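1. Give me a model of this one.
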Amino acid sequence: MANRTRIRLLIAILLVVGALVAFVWALSRRSQTEQVAVVQLPPVATSSAVPAVAEPSLAVPSPVPSVEPTVELTTPSPVTESTPQTAATPEASPAAPDVSATSLLIPVEGVRASDLRDTFQASRSEGRVHDAIDIPAPRGTPVLAATDGRIVKLFQSVPGGITIYQLDTDNRTIYYYAHLDRYAEGLREGNLARRGEVIAYVGDTGNAGAGNYHLHFSISIVSDPKRYWQGTNINPYPLLVNRKS
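-> Just a heads-up that it's a prediction; the model follows:
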């Protein structure tokens, strides 16, 4: 009986001791945990240990002066009045004047119809077509107005030399006389030249060639008399050969 009591007492003591040990162990763990929790890392020095990184310098470019494109200005050379052309072709070819109504005179004194040659389609330099007839005659032979008409232009050009533009009384037919030696005395723009009136003299001016004396004679139909150089050429040859006496 006594042995059982001792055993129980021993067990009780062991239990008490174990409880104390567990209690002490628990307090020890708690103390260690609190110490760990309050430990702080030392501050990291950024001012001395780590060199400051300078921000990239954004260089502002100096303003570039505005340079305007250089435009070379050249003074145009004096423009010499170009030779008015009579070869412009409108959409529809106008009809030739009525031969019986015009009764054109051969515009060179002393030349007969049998002396004329049809050179209207003859080729010329630079692929051109003549669009006129040439009437050879000695230098100084009088050039006659082919019909009644107003002198609209006295013109001197490189190809035509001394020239005359005459507008028929129908206000649509232009007669062109070129390579003249000189104008008749008193001839003026605006004058009304009568059929057979001397208006100039045969010569070789322009590109006729030295000594190649002849009259370059052409006829054109214009839609605007003020643009006397822009007409459609018609062949003078049949009009002069078939003219009324």
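2. Torsion angles phi and psi at residue 180?
-> The phi and psi values for residue 180, taken as degrees, to the nearest 10, are phi -70, psi 150.
3. Count residues in the vicinity of it, would you?
-> When counting by other Cβ atoms under 10 Å, one arrives at 26 neighbours for residue 180. Where you see a C-beta, it was placed from the backbone N, CA and C, and this is true even at glycine.
4. Show the pLDDT at it.
-> Looking at residue 180, its pLDDT reads 97.
5. Provide the count of other residues in contact range of residue 162.
-> 20.
6. tell me the mean pLDDT over the host helix or strand of it?
-> Assessed by DSSP states H and E, residue 162 sits inside strand 161-168. Averaging pLDDT along strand 161-168 yields 97.
7. just checking, what packs against that strand?
-> Judged by 3 or more Cβ pairs under 8 Å, 6 or more residues apart in numbering; DSSP states H and E, strand 161-168 is in contact with strand 149-157, strand 173-183, strand 198-202.
8. out of the ones you listed, which comes closest to residue 235?
-> Nearest of the helices and strands packed on strand 161-168 to residue 235, taken as Cβ to Cβ: strand 173-183 at 13.2 Å.
9. By mean pLDDT, point me to the weakest helix or strand of the chain.
-> Lowest by mean pLDDT, DSSP states H and E among the helices and strands of the chain is helix 99-102, with a mean of 45.
10. hang on, the earlier thing: can you tell me which of the helices and strands packed on strand 161-168 is nearest to residue 243?
-> strand 173-183 (13.4 Å).
11. Next, the buried residues of that closest one.
-> 173-181, 183 (16 or more other Cβ atoms under 10 Å).
12. elements contacting it?
-> Where contact means 3+ Cβ pairs under 8 Å, 6+ apart, strand 173-183 is packed against strand 149-157, strand 161-168, strand 198-202, strand 214-222.
13. Quick one: the ones you listed as TSV, columns for distance to residue 4 too.
-> TSV is the format used below for these (distance: least, Cβ to Cβ, whole Å):
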stretch	distance to residue 4
strand 149-157	160
strand 161-168	164
strand 198-202	174
strand 214-222	158
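14. which one of the helices and strands packed on strand 161-168 lies closest to residue 123?
-> Distance to residue 123, taken as Cβ to Cβ, is lowest for strand 173-183 among the helices and strands packed on strand 161-168, at 17.8 Å.
15. between the closest one and strand 214-222, how big is the angle?
-> With axes from the mean of the first three to the mean of the last three Cα atoms, to 10 degrees as the basis, strand 173-183 and strand 214-222 are set at 150 degrees to each other.
16. before we move on, back to that, please convert the helices and strands packed on strand 161-168 to a markdown table, extending it with distance to residue 115.
-> Below are these laid out as a markdown table (distance: least, Cβ to Cβ, whole Å):
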| stretch | distance to residue 115 |
| --- | --- |
| strand 149-157 | 24 |
| strand 173-183 | 17 |
| strand 198-202 | 13 |
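17. Of those strands, which is nearest residue 212?
-> For the helices and strands packed on strand 161-168, the distance to residue 212 is smallest for strand 173-183, at 8.2 Å, taking Cβ to Cβ.
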